[in-house]
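Next come a sequence and a model predicted from it.
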Amino acid sequence: SFGKITAVAHYAPEQVVTNEDLTKVMDTSDEWIKSRTGIEQRHISSNENTSDLATKVGQQLLAQSKLKPEAIDFIIVATISPDASMPSTASLVQAKLGAVNAFAFDLTAACSGFIYALSVADKLMTSGVYKNGIVIGAEVLSKVVDWSDRATSVLFGDGAGGVLLQSSAQGPMLLSESLKSDGSRSQSLTSNLTQPNSPFSKATQANDLFLKMDGRAIFDFAVRDVPKNILETLEKAELNPETVDYFLLHQANSRILDKMARKIKANRSKFLQNMQEYGNTSAASIPILLSEAVASGTIKLDGTQKIVLTGFGGGLTWGTLVVKI
Ligand SMILES: O=C(O)C1CCN(c2ccc(-c3cc(CO)ccc3Cl)cn2)CC1
């Protein structure tokens, strides 16, 4: 049996912060942010934590599928901004949903987190052991952003999106995949750095819980390594950019999408985009984009379309899934 995406959902905190709003708390401008990133606003939590956003997604998935919470076998939450490192955000979601028979765990792969999690979940489903699973990307990045750093704080937002996987005879869902990481360049995007600080350790550096980014390094990595990853994964599925219906890439920067489309010689209109509304929501960006595409009827969940899901970011991590959806 195979895993099939039977429902998608997304949720973002009600509070919207526009570029204009940011100019009131830091030295930036709507023009700079919009021209350099494509971002016009972002959702910022006032009192909801990551597990609250993820739970709202889980509730919608259960309502759409009419599944009882007891029928859920596993919950994976991809996040770099968990409520805590323990308990996992996934286990908090499990409790809030009443999914008493599920096993739950978080997965950390920054902006590729949802891609890695969907690939892992697909293997749990094709094992034949599990019948119903929930995969969510959820972030409250406003907790880890350094709001005194205008270079990074204007880029990120809060939100969650996810999918319900159910076992099905129709399949496979993943026509091909290629997941990558390179820890040797991991220092270009970090957050939540903690160091040995016991009475018996020679404390070298202090903890630094803020998100830190070498924008130039990440931008160059994305433009150089990601198109190659997309093309090699399409090759594995014996597909080419013309036979792909839509490309859903991590929503970090609209100029990156322009460059990607040119590099793989695909029509830019196939590259769905919503960072203007959400900013960069790391692991949540792809599932939010997918959920909005289904809500608008662009993507139909009837098995007739082929889409490419590609994440890239901290870790460094990147990866592509070619999905029959
Ligand atoms: O134009 C400028 O001066 C600046 C140049 C730097 N910029 C960047 C750089 C990197 C990212 C980014 C971040 C992540 C993390 O999720 C993943 C993937 C990417 Cl490509 C986003 N923006 C903003 C505009």
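Nice, thanks for sending it over.

The residue lying closest to P227 once chain neighbours are set aside: neighbour count?
Once flanking residues are discounted, P227 sits nearest to K263: 3.9 Å by C-beta to C-beta, 6 or more residues apart in numbering. Using the backbone N, CA and C atoms, a C-beta is placed for each residue, glycine as well. Around K263 sit 15 other residues, with neighbours defined as other C-beta atoms under 10 Å.

so what's the residue in the stretch 151-300 of the chain that the ligand sits nearest to closest to, chain neighbours aside?
Taking C-beta to the nearest ligand atom as the measure, the point where the stretch 151-300 of the chain comes nearest the ligand is G215, at 2.9 Å. In space, G215 comes closest to A151 once its chain neighbours are excluded; the distance is 6.6 Å by C-beta to C-beta, 6+ apart.

same deal with K4?
With sequence-adjacent residues excluded and distances taken as C-beta to C-beta, 6+ apart, K4 is closest to S168, at 3.9 Å.

what's the burial count for that neighbour?
Residues within reach of S168, counting by other C-beta under 10 Å, total 16.

Q205 and Q195 touch, don't they?
Yes: checked against C-beta atoms under 8 Å, the pair Q205 and Q195 is within contact range at 5.2 Å.

Near the ligand, which residues of the chain are found?
36-37, 111, 155, 189, 215, 218-219, 222, 252-253, 256, 280, 282, 312-314 (C-beta under 6 Å from any ligand atom).

Give me the buried entries from those residues.
Buried by 16 or more other C-beta atoms under 10 Å: 37, 111, 155, 189, 218-219, 222, 252-253, 256, 280, 282, 312-314, out of the residues of the chain next to the ligand.

what does the host helix or strand of A293 contact?
With elements delineated by DSSP states H and E, A293 resides in helix 285-295, which encompasses its position. Contact with helix 285-295 is made by 8-10, 12, 57, 111, 114-115, 135-137, 159-163, 246, 248-252, 272-275, 278, 281, 299-301, 309, 311, as judged by C-beta atoms under 8 Å, 6 or more residues apart in numbering.

Stretch 55-68 too?
Contact partners of stretch 55-68, identified using C-beta under 8 Å, 6+ apart, comprise 6-11, 69, 72, 75, 92-93, 96-97, 99, 132, 134, 136, 138, 160-164, 166, 287.

same question, stretch 11-27
When contacts are taken as C-beta under 8 Å, 6+ apart, the neighbours of stretch 11-27 outside the stretch itself are 28-30, 33-34, 39-46, 48, 53, 56-57, 60, 147-148, 150, 153-154, 157-161, 278, 281, 288.

what pLDDT, on average, does that stretch get?
Model confidence over stretch 11-27 averages 98 on the pLDDT scale.

list the buried ones in that stretch?
By neighbour count, and taking 16+ other C-beta under 10 Å as the criterion, the buried residues in stretch 11-27 are Y11, A12, P13, V17, N19, L22, T23.

residue ranges for the helices of the chain, please.
Listed in chain order, the helices of the chain (DSSP state H) span residues 19-23, 30-37, 50-65, 89-97, 113-126, 150-153, 215-236, 254-263, 275-278, 285-295.

Would you check that E48 makes contact with E139?
No: between E48 and E139 there is no contact, the gap being 11.6 Å when judged by C-beta under 8 Å.

what about stretch 127-144, start to end distance?
Stretch 127-144 has an end-to-end distance of 37 Å (criterion: C-alpha to C-alpha, to the nearest Å).

swap in stretch 70-81?
Using C-alpha to C-alpha, the end-to-end distance of stretch 70-81 comes to 27 Å.
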